[in-house]
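In: just to be clear, the model below is a prediction. Sequence and coordinates:
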Amino acid sequence: AIIAAGEVFVMILGEIDLSVGAVYLFTPFMFHVFHHLGLGLYPSLILSVLVAMGCGAVNGFFVAWVGIASFVATLGMLFTLDGLSLIISHSTPVQVPGTGIGKVTNFAQVFGGGTYSELIWALAFVVVLQLVLSFTRWGLYTVSTGGNRLGAAEAGIRTRMIIMRNFILAAGLAGFTGILEVVRTTSATPDPSGSNTLLLQVVAAAIIGGTLMTGGDGTIVGALIGALFLGILTEGLTIKGVNANYLNLYLGIAILIAMTLNVVVRRVRTGSGRA
């Protein structure tokens, strides 16, 4: 849900960030490296999230200033960060600082190790970012840029800076979420396949929540609902003992049904003049 919230800001622009899964994978290893160099837990956390945001800035630079399609630019970042994660970790899991068996620190309680800490972080980000999207210039300029980039630029909106800012936001949230998750599990595993699967789930959550791939429309609350839909469906099928061979089949069918209903409702609203 947290990563999907950042992805919504990018997708409203009519762009996509395929590197959020790789950033999610890479940032915890930077957290481990900074702490291994002698920094404290909180400085290591801040610096690693700043590194993640730097990756987002690179994506934004290539998209906004160089003019490379976001699909290509972020795909290149995906492969780069997946490779760096394997190199830094030597393809082996690492123990996350501030965690351990039978050791629950205050840091771990707040940043992923607590029973409800990830849920609280998710809800907090969703509320704040929805307010930003709905009631601030940043949100208004984001929707305007996604709806008509040329018109927004002629109206005086610095569209390139909006693009940069949104890619930075998406990468920062992905990196922070990666740290939350490894603190919860107490170890970071260099598994690019798992992080790339997460990427597909993030994009699916944003789309199910009503964000248009063409840009100009989307909500953070919708992304949360999409994430809840995927999570509840996956866990529900697992609890019901559905054969693992059929899990993705049922999940895919459910996503198609949900998206069909979403499109039908949107068309009905448009036809009635309410959207």
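Out: Yep, it's here.
In: quick one: the helices in this protein, in order.
Out: 2-11, 20-36, 41-61, 70-89, 106-108, 117-135, 137-147, 149-154, 159-185, 192-208, 220-239, 244-271 (DSSP state H).
In: of those, which stretch is the most buried?
Out: Counting by mean count of other Cβ atoms under 10 Å, helix 2-11 has the highest mean neighbour count of the helices of the chain, with a mean of 30. All C-beta atoms are positioned from the backbone trio N, CA, C, and that covers glycine.
In: what angle separates that helix from helix 41-61?
Out: Calculated by axes from the mean of the first three to the mean of the last three Cα atoms, to 10 degrees, helix 2-11 forms an angle of 30 degrees with helix 41-61.
In: can you add distance to residue 95 and give the helices of the chain back as TSV?
Out: Formatted as TSV, the entries for the helices of the chain read as follows, by distance: least, Cβ to Cβ, whole Å:
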stretch	distance to residue 95
helix 2-11	24
helix 20-36	8
helix 41-61	13
helix 70-89	11
helix 106-108	12
helix 117-135	19
helix 137-147	38
helix 149-154	46
helix 159-185	10
helix 192-208	18
helix 220-239	27
helix 244-271	29
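In: what's the least confident stretch among those helices?
Out: Lowest mean pLDDT within the helices of the chain: helix 244-271, a mean of 80.
In: on that earlier part again, what's the closest of the helices of the chain to residue 214?
Out: Ranking these by distance to residue 214, with Cβ to Cβ as the measure, places helix 137-147 first at 8.3 Å.
In: out of the helices of the chain, which gets nearest to residue 96?
Out: The stretch from the helices of the chain with the least distance to residue 96 (Cβ to Cβ) is helix 159-185; that distance is 4.8 Å.
In: and that closest one, what does it pack onto?
Out: With contacts defined as 3 or more Cβ pairs under 8 Å, 6 or more residues apart in numbering; DSSP states H and E, helix 159-185 has these neighbours: helix 2-11, helix 20-36, helix 41-61, helix 117-135, helix 137-147, helix 149-154.
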